[in-house]
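Participant: Requesting a structural model of the entry that follows:
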Amino acid sequence: ETLLPPPIVRPGEFDGLTTGYRVLLEVLEETLYTSLSRRQLLATSREIEDRAFRVGSGTLHVTFQSFSAFSTQLDLYRKFGTETALDIHIHGLPDWQPPAVENLTYHPDETGALAPFWCLAFDGGPDESQACLLLAREDTDGFLGFWSYDERLVRDVQRTLESVDN
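Facilitator: Okay, here's the model as predicted:
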């Protein structure tokens, strides 16, 4: 946790993570973690968003506790929708009517089944080796979860997210 402070930079605003931080993410891939802070999860989320932005195509699913929580990220995802060919799916409680944005599809989570989860799943677009996933569940002591670069696991999570809407 103290080895490397997580950089939090909006996608497209830097050339990527430092080599040291990328190596740390790879070493810890699929390691179950607990009690990571929101800042650490945000840094990992930004890495996945940046990867999706750099690849520029493919499917990205993102969960938010609610659409109103997504509203703070609207400008970033509007940029993704207009500057890339990403197929972006936003999942959350429908407590706010988000505006139509190119290449964004909203999936109302009417039951709140996804509300405890912090999830980003990018399929890698034309290069499955770019697939990546962050999945964490909020607990009383922080978050319990993992990240992965396994394209099969990413597809499984994306299919699960799609099935919640049905």
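Participant: Verify the stated contact: Thr63 with Trp118.
Facilitator: Yes - proximity of Thr63 to Trp118 meets the contact threshold set by Cβ atoms under 8 Å, at 6.8 Å. From N, CA and C alone the C-beta is placed, and that goes for glycine too.
Participant: in the sheet, who's paired with His91?
Facilitator: Assessed by DSSP bridges, His91 has beta-bridge partners Thr63, His107.
Participant: List the buried residues of the top helix by length along the chain.
Facilitator: In the chain, taking DSSP state H as the definition, the longest helix is helix 38-55. Buried residues in helix 38-55, counting neighbours by 16 or more other Cβ atoms under 10 Å, are found at 40-41, 43-53, 55.
Participant: how close does the residue nearest the centre of the chain sit to Phe70?
Facilitator: Closest residue to the average C-alpha location of the chain: Leu120 at 2.3 Å, with Cα atoms, centre = their mean. Leu120 is 13 Å from Phe70, where distance means Cβ to Cβ, to the nearest Å.
Participant: Dump the buried residues of helix 38-55 into TSV; add pLDDT and distance to Asp156 as well.
Facilitator: Below are the buried residues of helix 38-55 laid out as TSV (pLDDT from 0 to 100; distance: Cβ to Cβ, whole Å):
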residue	pLDDT	distance to Asp156
Gln40	83	24
Leu41	88	21
Ala43	86	24
Thr44	88	19
Ser45	93	19
Arg46	93	23
Glu47	92	21
Ile48	95	16
Glu49	97	21
Asp50	95	23
Arg51	96	19
Ala52	98	18
Phe53	97	23
Val55	97	20
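Participant: need the residues you listed in TSV with distance to Arg155, can you?
Facilitator: TSV is the format used below for these (distance: Cβ to Cβ, whole Å):
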residue	distance to Arg155
Gln40	25
Leu41	22
Ala43	24
Thr44	19
Ser45	19
Arg46	22
Glu47	20
Ile48	15
Glu49	19
Asp50	21
Arg51	16
Ala52	15
Phe53	20
Val55	16
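Participant: among those residues, which two are most distant?
Facilitator: Greatest spacing in those, by Cβ to Cβ: Gln40 and Val55 (23.4 Å).
Participant: Might you calculate how far the longest helix of the chain sits from the centre of the chain?
Facilitator: Distance of helix 38-55 from its chain centroid, counting by Cα atoms, centre = their mean, to the nearest Å, is 7 Å.
Participant: name the helices or strands packed onto that helix?
Facilitator: With contacts taken as 3 or more Cβ pairs under 8 Å, 6 or more residues apart in numbering; DSSP states H and E, helix 38-55 sits against strand 57-66, helix 74-83, strand 117-122, strand 132-139, strand 142-148.
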